[in-house]
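Undergrad: can you look at this prediction? I've put the sequence above it.
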Amino acid sequence: MTDSGLSRKEREYKRRREEILAAALSVFAERGYYGTTMAQISQKSEYPLGTIYKFFSGKEQVFHDMVMDRGIRLGRLIAEAAARKDLAPKERAYACLMVNARFLRDNKEFVRVYISLRSSIDMILSPALSADINLMHERMVDTYTEIFKEGVDKGEFRPYPADDLASLFYGVIFSSIWPWVSENRETYDIEAWLNRAFELLTNGFCVSE
């Protein structure tokens, strides 16, 4: 449902929730997960602490919802690109790649916070978030698998297992994030890197004409 389909009260609720999550992201980025408190989120968002607790049970839920909101948004964008039947499988795969590139570029602060915590999510949060994240990842890989399966069936891609191609494709996307985290390369061009990676991959598994 779009905002136009919401009541005034629902729109106001959504606006406040989004403002709190945006403030939380800023605090997480500055202080890290462990160094962040609900009081700091309250101060940054300029909402009273009591109001914050009307939206979130605590810091864990704030982080959970922040991750899930963006994951759902990315998943929808990927699904839209993958559903473009006017494009050939290779073109749809490329469209999905560029969706990821734009999302990563436009959500740099979130990506850094998320990646810095990804390996320890099971330890710092309930297993529910890890399960939710893994499910989102599986759905994205399933989407890519369908594209590659169609490409293999049509003879556009070499006859490798579609799920293997999808996992490799997903791995290339994920690997493009690390220079931000490990090297803090402010001039790093994700779209250029993914373009080169896509060219190398497709030259490897596309059927030559």
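TA: Structure received.
Undergrad: quick one: low-confidence ranges for the protein?
TA: 1-4, 118-126, 180-188, 204-209 (pLDDT under 70).
Undergrad: show me how it divides into domains.
TA: Using automatic domain parsing, the domain parsing of the chain gives 1-56, 58-205.
Undergrad: how about those domains in TSV, adding mean neighbour count?
TA: Quick note: C-beta positions are derived from backbone N, CA and C, even for glycine. Conversion of the domains of the chain to TSV gives the following (neighbours: other C-beta atoms under 10 Å):
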stretch	mean neighbour count
domain 1-56	14
domain 58-205	16
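Undergrad: need the nearest residue in space to the residue at minimal distance from the centre of the chain, chain neighbours excluded.
TA: With distances taken as C-alpha atoms, centre = their mean, G71 lies nearest the centre of the chain, 4.4 Å away. Spatial nearest neighbour of G71, chain neighbours left out: M136 (4.6 Å); criterion: C-beta to C-beta, 6 or more residues apart in numbering.
Undergrad: could you check which helix or strand contains that neighbour?
TA: With secondary structure defined by DSSP states H and E, M136 is part of helix 127-153.
Undergrad: and that helix, what does it pack against?
TA: helix 59-82, helix 89-106, helix 121-124, helix 162-175 (3 or more C-beta pairs under 8 Å, 6 or more residues apart in numbering; DSSP states H and E).
Undergrad: compute the inter-axis angle for the second one and helix 127-153.
TA: Direction vectors for helix 89-106 and helix 127-153, defined by axes from the mean of the first three to the mean of the last three C-alpha atoms, to 10 degrees, enclose an angle of 150 degrees.
Undergrad: how far does the helix or strand that comes right after helix 89-106 sit from the chain's center?
TA: As assigned by DSSP H and E, the chain's next helix or strand after helix 89-106 is helix 108-118. With C-alpha atoms, centre = their mean, to the nearest Å as the basis, helix 108-118 stands 10 Å off its chain's centre.
Undergrad: got it, and stretch 15-26?
TA: With C-alpha atoms, centre = their mean, you get 17 Å for stretch 15-26.
Undergrad: ok, stretch 160-174 next?
TA: 17 Å.
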